[in-house]
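Asker: sharing a model prediction with you, sequence too.
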Amino acid sequence: MTNTFLSFQKRFAVQKVEKPESIEFIVIDLFCGAGGTTTGFANAKNKKGDPIALIAVCVNHDHKAIKSHWENHPEVYHFEEDIRILNLGPLIEILRAYRKAYPNAKIILWASLECTNFSKAKGGQARDADSRTLAEHLDRYITAIDPDYVQIENVVEFMSWGPLDKKGKPISMKSGQDWLRWRNHINSFGYRDEWKELNSANFGAYTSRNRLFGCFAKSGLPITWPEPTHSKLPSTITDLFNSSLKKWKAVKEVLDFEDEGQSIFKRKKPLVEGTLQRIYAGLIKHVAGGEKAFIAKYFSGRPAGKVTSIDNPLGTLTTACNQSVVNVSFLTKYYGTGNNVSSIEEPAGTLTTKDRFTKVQCNWLDKQYSGKHNHQSIDQPAGTIMTSDKHALVSAPFILNPSHGGHTMHTNQPCPVIIARQDKAPLYLVNYSQDPNVSIEIYEGDSETMIKIKEFMALYGISDIKMRMLKVLELKLIQGFPLNYKLFGNQSDQKKFIGNSVVPHVVQSWVEAQCLN
C-alpha cells in the first residue's frame, strides 16, 4: 500500500478558481470513500453562485474506493492509506500551500468515522473494539493541522460509545462514557462542540438517511446548522412557521419502471419464507391500505374488486351471503416500535452498505377527469376513450428492504437507508400485474405465506408479482450522486461504495449554512 496515490497523481498543485475570494473553506476529507462528502462540498455555492469550498486532501484505505474518488475528483490530492498510520508530513506541506493561496479560508477536518461497530444494524453481534477507537486517532491530525473546524458524521449510536465486556458486547450501564470522554479530549485542544441529528430527506435527497453530525469549532468561530428545505408532512403544526417547506421527494422519481423484474413464482431458486412474509406485508400495507381486517364482497364466486373497512357500515346483506371477513396480520419493525412498512411517496430509508430494499408495484387506471372518484380496477372495462386520452396506467410499487429483519415501503416516499452489503441483503423493486382471466392456483408444496399471497392476489385480481434488485444507477441517484458518477469494481463493490457514502445533500446544505457571504 502506497502512502500517496502516485499511480494517478505525479505531483501536487494547489487548485485555482476564478474568484479566489469566494473560497471560505479548505477541506481534508478523512474516510473519503468514493466521494459523498467531497461531492457535497464541491457542490456548495454562495448566494452569488460561486464555489465556497475546496477539497485539498482525501484519505482512504480501499484501493477501488479511492480510485473511484480520484476519477471524479482528480483535482484532489489522494492518500491511499489507513488514517492510523498515514505519514502526515506530505499532508502538512499540501495544507501549507493552500493556506498561502487562500489565507482567509477556514480549515475543516472532516471525519466520517467507521460506523459498523456502533450501528444498531450490528444487532447482538460482538463489536470490534479497535474499530470503535478510530476516533482516538483524530488528535494527531488536530495537532499537526490545527484546523478551525472538526466535523464528524456517524450513526446516532456513536453517542452510546462505551466500554465492552469480555464477549465484545456493549456494557449498557456504561453507555456513552467513551463518547463523553472523547468529546472532552477534543475540546481540550481549544474547541467547543455541538451535535445534531440530520435526515437527508429533509434536504432534498431521495433517501431518508438519519445520521449524527458533530462540529468542533475554535473559540470565537460560529457553529451554524442548516435549515430543512423539505418535510415528511409540511402541513403539520411543527412546520407552520416555515411555509416554504416542500414535501419529501418520492423515490419513484429516480426508479426505472420499465424494468419490472422476474416473477416471484418462476424462479430457479424459490424465495425464502422471510422474503415472502415481507412481500405479503407490503401487499397488506400498500394494496389493502393497512387494514388488519376487512369485508370482501363476492359475486358468483369471484371478488367484486372492492373491500370495506370494518370501521365502516357493512354493505347491503343479500340472500346470497356474498360478504366474508378477511383477517390479515402485519409485520412490525425490529426496532421495537411501530410498523416498518413504508410508502414510496416518501424518501427511502437510509442507504446502508448492505442492499436491503425491494420494490413492489400494483396497477390501476386513473381516468384523470375532474372529481374524486376516477380510479378503477384494470379488471373492469375502460371508460370511454376520448380524443384526449384520459386513461393512464398508475403504478403503486413498493420497495422491499430485508435490513434489520425486513420491511417494505411505498415508492412515494424517500428510499430507506442504502447499506453497503447489497450482495447480502439487497433492496428490491416489486411490481404487480392484473388480469381477471388468470386463475391463481395453490399447490400442495406452497408454504403458509405463499398461500396467503395467492389468496390476496385472487381477492384483488392480481395475476403476477415481479421483483428485482435496485440497480447501481438507481442507487447512485437515490444517494445523491450524479448519474455520470464513475464507480470502479464489480456491482457489489459499487453498491458498497454508495451505501458507505455520506449523502451529498446534507454536506452541501451544511457548508452553505456556514458560508459568511
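Answerer: On my side now, so go ahead.

Asker: which residues in the stretch 1-150 of the chain form helices?
Answerer: If you assign secondary structure with DSSP state H, counting those that start in this stretch, the helices in the stretch 1-150 of the chain sit at 36-43, 63-72, 89-101, 138-145.

Asker: and the ones you listed, which is most packed in?
Answerer: helix 36-43 (a mean of 25; mean count of other C-beta atoms under 10 Å). (Glycine included, C-beta is placed from N, CA and C.)

Asker: low-confidence stretches in the stretch 251-400 of the chain?
Answerer: The stretch 251-400 of the chain contains residues with pLDDT under 70 at 290-396.

Asker: circling back to that earlier point, Phe488 is nearest to which of the helices of the stretch 1-150 of the chain?
Answerer: For Phe488, the closest of those is helix 63-72, at 4.8 Å, according to C-beta to C-beta.

Asker: need the residues that contact that closest one.
Answerer: When contacts are taken as C-beta atoms under 8 Å, 6 or more residues apart in numbering, the neighbours of helix 63-72 outside the stretch itself are 5, 8-9, 32-35, 38-39, 58, 60, 76, 78, 80, 485-489, 493, 497, 500.

Asker: mind checking which of those residues are buried?
Answerer: Buried members of the contacts of helix 63-72, scored by 16 or more other C-beta atoms under 10 Å, are 5, 32-35, 38-39, 58, 60, 76, 78, 80, 485, 487-489, 493, 497, 500.

Asker: just the ones of these in strands?
Answerer: Judged by DSSP state E, the subset of these located in strands is Cys58, Asn60, His78, Glu80.

Asker: who touches the second one in this structure?
Answerer: I take that to be Asn60. Residues near Asn60 by C-beta under 8 Å, 6+ apart: Phe31, Cys32, Gly33, Ile66, His69, His78, Phe79, Glu80.

Asker: these two touch, right, the first one and His137?
Answerer: Just to be clear, that refers to Phe31. No: the pair Phe31 and His137 does not pass the contact test of C-beta atoms under 8 Å, sitting 11.1 Å apart.

Asker: what's the neighbour count on the spatially closest residue to Phe31 that is not a sequence neighbour?
Answerer: Nearest residue to Phe31, sequence neighbours excluded (C-beta to C-beta, 6 or more residues apart in numbering): Ser112, at 4.6 Å. Using other C-beta atoms under 10 Å, Ser112 has 22 neighbouring residues.

Asker: how about the contacts made by Ser112?
Answerer: Here Ser112 is in contact with Leu30, Phe31, Cys32, Gly33, Thr37, Ile152, Glu153, Asn154, Val502 (C-beta under 8 Å, 6+ apart).

Asker: the spatially closest residue to Leu109 that is not a sequence neighbour: what's it in contact with?
Answerer: Ranked by C-beta to C-beta, 6+ apart and with sequence neighbours excluded, the top spatial neighbour of Leu109 is Pro147, at 4.0 Å. Residues touching Pro147, when contacts are defined by C-beta under 8 Å, 6+ apart, comprise Ile28, Ile107, Ile108, Leu109, Tyr141.

Asker: reformat the residues you listed as JSON lines; add distance to Asn184 and pLDDT.
Answerer: JSON lines is the format used below for the contacts of Pro147 (distance: C-beta to C-beta, whole Å; pLDDT from 0 to 100):
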{"residue": "Ile28", "distance to Asn184": "23", "pLDDT": "98"}
{"residue": "Ile107", "distance to Asn184": "22", "pLDDT": "98"}
{"residue": "Ile108", "distance to Asn184": "21", "pLDDT": "98"}
{"residue": "Leu109", "distance to Asn184": "18", "pLDDT": "98"}
{"residue": "Tyr141", "distance to Asn184": "18", "pLDDT": "96"}
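
Asker: and those residues as JSON lines, adding distance to Trp161?
Answerer: Output for the contacts of Pro147, formatted as JSON lines (distance: C-beta to C-beta, whole Å):
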{"residue": "Ile28", "distance to Trp161": "23"}
{"residue": "Ile107", "distance to Trp161": "26"}
{"residue": "Ile108", "distance to Trp161": "23"}
{"residue": "Leu109", "distance to Trp161": "19"}
{"residue": "Tyr141", "distance to Trp161": "19"}
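
Asker: got phi/psi on the closest residue to Ile107 other than its chain neighbours?
Answerer: Using C-beta to C-beta, 6+ apart and skipping residues adjacent in sequence, the residue nearest Ile107 is Pro147, 4.3 Å away. Pro147 adopts backbone torsions of phi -70, psi 160, taken as degrees, to the nearest 10.

Asker: that older thread, Gly204: which of the contacts of Asn60 is nearest?
Answerer: Closest to Gly204, out of all of these and judged by C-beta to C-beta, is Gly33, at 21.1 Å.

Asker: quick one: that closest one and Ser501 touch, right?
Answerer: Yes: because the distance of 5.4 Å satisfies C-beta under 8 Å, Gly33 is recorded as touching Ser501.

Asker: hang on, Ile465 is in a strand, isn't it?
Answerer: Yes: according to DSSP: H, G, I helix; E, B strand; the rest coil, Ile465 belongs to a strand.

Asker: tell me the confidence at it?
Answerer: The predicted structure scores Ile465 at 90 on the pLDDT scale.

Asker: circling back to that earlier point, from Gly406, how far off is the residue nearest to Ile107?
Answerer: When distance is defined by C-beta to C-beta, to the nearest Å, Pro147 is 42 Å away from Gly406.

Asker: do Ala281 as well
Answerer: As it turns out, when the distance is counted by C-beta to C-beta, Ala281 lies 8 Å from Gly406.

Asker: what are the ranges of the strands in the stretch 201-350 of the chain?
Answerer: Assigned by DSSP state E, counting those that start in this stretch, the stretch 201-350 of the chain shows strands spanning 207-208, 210-218, 230-231, 246-247, 262-263, 293-299, 302-309, 323-327, 348-349.

Asker: which residues does Tyr191 contact?
Answerer: Counting by C-beta under 8 Å, 6+ apart, Tyr191 makes contact with Val150, Phe216, Ala217, Lys218, Ser219.

Asker: try it again with 7 Å
Answerer: In this structure, Tyr191 makes contact with Val150, Phe216, Ala217, Lys218, judged by C-beta atoms under 7 Å, 6 or more residues apart in numbering.
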